[in-house]
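> Could you work out the structure for the sequence below:
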Amino acid sequence: METTEVSERNEPLKIGGWLILIAIGVVIAPVRLLYFVGVTYPSIFIDGTWEVLTTYDSEIYSPLWGPIIIGEIVGNLLFAFLGIYLAYLFFTKRSVFPKWYLGLAITSTAFILIDAYLVSIVLPEMEVFDSETTQEVVRSLFTLCVWSPYLLFSQRSKSTFIKVRT
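Down below sits the predicted model:
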């Protein structure tokens with residue numbers, strides 16, 4: 001009987017409560033990023049935008065355009081694949097999930113801010129925080145300031161994400 005009680009105490013809690021909202025976000029985020037990359041970037045290479053931005057004689061040429069665009073593509077794909085890994089950690093209730101979530105929240109927020117800054121160097125007349133960028137920053141800060149502490153400090157999270165790699 002005692003082993004059953006110990007076994008029951010060592011079982012992680014089911015995903016429930018506020019974790020359901022985190023689950024939705026963890027599933028949607030990589031799908032949304034992959035969709036964004038698939039819709040946004042191919043047209044840049046197909047319609048001639050890439051050539052206009054990266055050709056030295058072009059009137060809107062900047063040596064930063066190439067690295068910015070490639071950096072955005074690589075960064076967004078990396079975040080999408082890390083998001084898929086994060087979903088794996090979440091649904092397998094791994095103890096490292098809260099730390100990975102925090103790390104991804106910090107790096108994605110930094111990525112958005114650095115990208116906006118670099119674009120502002122190339123296009124100084126353009127508003128750095130347009131509505132789309134502002135929405136992404138707010139979403140990232142909400143994740144960083146609300147969900148990350150919840151995952152790190154709540155009893156629910158501590159009782160759910162208990163599986164360690166063996």
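
> Helix or strand next in line after the helix or strand hosting residue 74, which one?
Assigned by DSSP states H and E, residue 74 belongs to helix 65-91. Following helix 65-91 in sequence order, the next helix or strand is helix 97-122 (DSSP H and E).

> for the record, mean pLDDT for that next one?
For helix 97-122, mean pLDDT rounds to 96.

> Tell me how far it lies from the chain's centre.
Chain-centre distance of helix 97-122: 8 Å, with C-alpha atoms, centre = their mean, to the nearest Å.

> For that helix, list every residue counted as buried.
97-98, 100-102, 104-105, 108-109, 111-113, 115-116, 118-119 (16 or more other C-beta atoms under 10 Å). (C-beta placed from N, C-alpha, C; glycine too.)

> Let me know the closest of those to residue 15.
Of all those, the one with the least separation from residue 15 (C-beta to C-beta) is residue 97, at 11.1 Å.

> Kindly confirm whether my reading is correct that that closest one touches residue 86.
Yes: the pair residue 97 / residue 86 is scored as a contact, 7.3 Å apart, by C-beta atoms under 8 Å.

> follow-up on the earlier one: determine the set of other helices and strands touching the helix holding residue 74.
Contacts defined by 3 or more C-beta pairs under 8 Å, 6 or more residues apart in numbering; DSSP states H and E place helix 65-91 against helix 19-46, helix 49-54, helix 97-122.

> Nearest to residue 160, out of those helices?
Residue 160 lies closest to helix 19-46 among the helices and strands packed on helix 65-91, at 6.3 Å (C-beta to C-beta).

> Tabulate the helices and strands packed on helix 65-91 (CSV), appending distance to residue 141.
Formatted as CSV, those follow (distance: least, C-beta to C-beta, whole Å):
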stretch, distance to residue 141
helix 19-46, 14
helix 49-54, 30
helix 97-122, 7
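
> what stretches of this protein score poorly on pLDDT?
Within the chain, the ranges that satisfy pLDDT under 70 run 1-9, 166.

> how close does residue 110 get to residue 120?
For residue 110, the distance to residue 120 equals 16 Å [C-beta to C-beta, to the nearest Å].

> three-state assignment of residue 17?
coil (DSSP: H, G, I helix; E, B strand; the rest coil).

> Would you confirm that it contacts residue 156?
Yes: counting by C-beta under 8 Å, residue 17 does reach residue 156; the two are 5.5 Å apart.

> Pull out the buried positions in the helix holding residue 74.
65, 68-69, 72-73, 75-76, 79-80, 82-84, 86-87, 89-90.

> Put the alpha carbons of stretch 44-59 into PDB.
Extracted in PDB, the C-alpha atoms of stretch 44-59 (Å, rounded to 0.1, in the frame of the first residue of the first chain):
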ATOM      1  CA  ILE A  44      10.700  38.600 -51.200                       C
ATOM      2  CA  PHE A  45      12.800  36.200 -53.400                       C
ATOM      3  CA  ILE A  46      10.100  35.600 -56.100                       C
ATOM      4  CA  ASP A  47       9.000  39.200 -56.800                       C
ATOM      5  CA  GLY A  48      12.500  40.700 -57.100                       C
ATOM      6  CA  THR A  49      12.400  42.500 -53.700                       C
ATOM      7  CA  TRP A  50      15.600  40.700 -52.600                       C
ATOM      8  CA  GLU A  51      17.500  42.000 -55.700                       C
ATOM      9  CA  VAL A  52      16.300  45.500 -55.200                       C
ATOM     10  CA  LEU A  53      17.300  45.600 -51.500                       C
ATOM     11  CA  THR A  54      20.600  43.900 -51.900                       C
ATOM     12  CA  THR A  55      21.900  45.200 -55.200                       C
ATOM     13  CA  TYR A  56      24.600  47.900 -54.700                       C
ATOM     14  CA  ASP A  57      23.300  50.200 -57.400                       C
ATOM     15  CA  SER A  58      19.700  50.200 -56.200                       C
ATOM     16  CA  GLU A  59      18.500  53.400 -54.600                       C
END
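
> Alright, calling it a day.
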